[in-house]
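J.: the following block contains a protein sequence and its predicted model.
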Amino acid sequence: MGLGYQPSRRRLLLGSMAAVLPLTGLCAQAQGGSGAAPRPIRLVVSSSGSAEALARALAAPLGQQLGAPVVVEPRAGVVGMESVARAAPDGHTLLLAHSGSLALQAVVGTRTAPAGGRGSDFVALGAVASQPHVLLVPASSPVHNLSELLLHARFGAARLAYASTGVGSAGHVAGELLQELAGVKLQHVPYKGPAQALTDLLSGQVDLMFGTLPQALSQVEGGRLRALAVTGARRSAALPNTPTLAEAGVKGYDCAPAYALLVPRGTPADVAAPLSAALGKALESAALREVLKQEGAEPLAPSTDLNALLQAETERWSRLLVKAGVRPE
């Protein structure tokens, strides 16, 4: 499955152009000529919760760099992603999405993509962050660690149910990866957002959930939830005594979906380059970095090949979603 992200040569071209092209090029287009009000830039965010918080924190510094207002438009799921895929490739419609959302779009998207196949509807401008999750159970649960959870999953009388904020969400793919690597069966219960999922977890209506750090921390510290493990490759600074799933016994487990800023495929290089440069500058904002920290998100290493990472993760999560029974429309 080809995703249509910038190939290496195109990425290098954009990187070199970003260093020399002034950001005012896009702003001039946005204004439609001197003296006109700047044309707003839409920032569609494809999932709720932390993704929306990241989008709103990004909008202000990004708009400052571009000289035009950036308006956040929450449109969770494939509908929002398709709206960006169909938008004019003129730099005025952006998408903030993580690799789980891209996988969902690749599996169930209805748009006929270019020759690269499904999922090749976007060009990545740059990474925003990766976000590990936390495996949570209610404090009333008899499960106190991952080993006990897996024993219940394998030999319990009823299948354990795990909540997520929707099909294709980071919490969904985290659960699917656990099932695959640990060889257990869980029941996925998707919700439309984090509030109801967390409410049902706290009340014991579902057995477990892969939640974000903001969802988890106050509830864990307050003794209402128990954190069993974090999904990333490293422990969280906010939960230093909580092991990773790999440390807790699920060999090879690493699930911290990467958030990226994207534009529709076909966006010209002279439009994409200043957007990419503006993103780089916006990520230096102290206010944005503080929001990333609060949301438990982690900057990707500067050496990360974003296009290769998104390609690999989207293919990985697409396979898991298909295995879970998600089918093309």
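T.: Thanks, I have it.

J.: so residue 71, which of the three states?
T.: The three-state label given to residue 71 by DSSP: H, G, I helix; E, B strand; the rest coil is strand.

J.: burial count for the nearest residue to it once chain neighbours are set aside?
T.: Setting aside the residues directly before and after it, residue 71 is nearest to residue 40 in space (CB to CB, 6 or more residues apart in numbering), at 4.9 Å. Placement of C-beta: from N, CA and C, glycine included. Residue 40: 13 surrounding residues under other CB atoms under 10 Å.

J.: got phi/psi on the closest residue to residue 236 other than its chain neighbours?
T.: Nearest residue to residue 236, sequence neighbours excluded (CB to CB, 6+ apart): residue 230, at 5.1 Å. When read as degrees, to the nearest 10, the backbone of residue 230 gives phi -110, psi 150.

J.: pLDDT averaged over the lengthiest strand in the chain - what is it?
T.: Longest strand in the chain by number of residues (criterion: DSSP state E): strand 122-130. Taken as a whole, strand 122-130 has a mean pLDDT of 90.

J.: for the chain, which segments count as helices?
T.: 8-20, 24-31, 50-66, 78-85, 99-108, 146-155, 170-182, 194-202, 213-221, 269-282, 286-294, 306-323 (DSSP state H).

J.: picking up where we left off before, the longest strand of the chain: how far from the chain's middle?
T.: Distance of strand 122-130 from the chain centroid (CA atoms, centre = their mean, to the nearest Å) equals 10 Å.

J.: one more: stretch 213-225?
T.: Centre to centre, stretch against its chain (CA atoms, centre = their mean), the figure for stretch 213-225 is 21 Å.

J.: which parts of that stretch are buried?
T.: Neighbour-count burial for stretch 213-225 flags 213, 214, 215, 216, 217, 219, 220, 225 (criterion: 16 or more other CB atoms under 10 Å).

J.: tell me the domain boundaries of the protein?
T.: 8-131+257-323, 134-230 (automatic domain parsing).

J.: lowest-confidence one in the buried residues of stretch 213-225?
T.: residue 215 (80).

J.: so the residue nearest to residue 236 versus residue 146, what's the distance?
T.: Noted for residue 230: a distance of 11 Å to residue 146, by CB to CB, to the nearest Å.

J.: name the residues contacting each of the two.
T.: The overlap between the contact sets of residue 230 and residue 146 (CB atoms under 8 Å, 6 or more residues apart in numbering) consists of 135, 243, 245.

J.: okay, those in CSV with pLDDT, distance to residue 152 and neighbour count next?
T.: Putting those into CSV (pLDDT from 0 to 100; distance: CB to CB, whole Å; neighbours: other CB atoms under 10 Å) gives the following:
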residue, pLDDT, distance to residue 152, neighbour count
135, 97, 13, 26
243, 97, 18, 16
245, 98, 16, 28
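
J.: inside strands: which ones of those residues?
T.: residue 135.

J.: still on that earlier bit, neighbour count: residue 230 and residue 146, which is higher?
T.: Higher neighbour count among residue 230 and residue 146: residue 230, with 28 against 21, using other CB under 10 Å.

J.: most centrally placed residue in this structure?
T.: Central residue of the chain (CA atoms, centre = their mean): residue 98, 2.4 Å from the mean position.

J.: what about the residue lying closest to that one once chain neighbours are set aside, how many residues nearby?
T.: Distance criterion CB to CB, 6+ apart; nearest residue to residue 98, sequence neighbours excluded, is residue 257 at 4.0 Å. Using other CB under 10 Å, residue 257 has 30 other residues around it.

J.: do the same with residue 71
T.: With other CB under 10 Å as criterion, residue 71 counts 12.

J.: contacting residues for it?
T.: Counting by CB under 8 Å, 6+ apart, residue 71 touches 40, 41, 42, 43, 59.

J.: specify the beta-bridge partners of it.
T.: residue 42 (DSSP bridges).

J.: from now on call the first residue 19
T.: All set: I'll call the first residue 19, so the last point we hit is now residue 89.

J.: residue 236 and residue 282: what is the separation?
T.: From residue 236 to residue 282 the distance is 38 Å (CB to CB).
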